[in-house]
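Colleague: The amino acid sequence is not available; the structure is as follows:
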């Protein structure tokens, strides 16, 4: 029988063992930090989506009907609510589109618009500093006009081009169609503005 020879096993030194322990502890700590960061990011993303869906929808402006207040491609935040006042900017659903217009009158209000575009609500001329070019625009309603219950009379700020409650094709908007009130323009960054 052949004799088995055993090679001597080298035992690492104390410094090598300490270095390996340090490396393993660092790797464990790194994995823990990485996993906790991933969990935090997932929670933040979920909360952001929930907030955006339930309370603060984000919307990109499309078109020029709200100029000069809002321009094409501006990004805005809306706050969901059910009570709106004259002058509020609101987003609402109309024919599967989300549109933006300004509240002129609420349920029961009497709206009157003169041929030069001057607007009266309940026989009081409303102050509209956001309108730069007054116009009657596209209009097929007879004035004075009373806003039906549970509806709002809405108009765009660019009165000559906006298609809004002044036409029977759009009419007054039901409360259920309104998504919320515009609270802030967040884009472009150099034009952030609370409404």
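Modeller: Sure, I can see it. Everything quoted here is computed from the prediction, not taken from an experiment.

Colleague: And the strands in this protein?
Modeller: Using DSSP state E, the strands of the chain run over 58-60, 75-79, 89-94, 97-105, 110-113, 119-121, 124-125, 145-146, 151-155, 173-174, 178-187, 193-194.

Colleague: Residue 70 and residue 100 touch, don't they?
Modeller: Yes. Assessed by C-beta atoms under 8 Å, residue 70 is found in contact with residue 100 at 6.7 Å. All C-beta spots, glycine's among them, are computed from the backbone N, C-alpha and C.

Colleague: Please identify the most buried of the strands of the chain.
Modeller: Ranked by mean neighbour count, these are led by strand 151-155 with a mean of 26 (mean count of other C-beta atoms under 10 Å).

Colleague: Quick one: list the elements packing against that one.
Modeller: strand 89-94, strand 97-105, strand 173-174 (3 or more C-beta pairs under 8 Å, 6 or more residues apart in numbering; DSSP states H and E).

Colleague: quick one: which of the ones you listed is nearest residue 10?
Modeller: The closest of the helices and strands packed on strand 151-155 to residue 10 is strand 97-105. By C-beta to C-beta, the value is 72.8 Å.

Colleague: The closest one to strand 151-155, inter-axis angle?
Modeller: Orientation of strand 97-105 against strand 151-155 (axes from the mean of the first three to the mean of the last three C-alpha atoms, to 10 degrees) gives an angle of 100 degrees.

Colleague: Cool, thanks, talk later.
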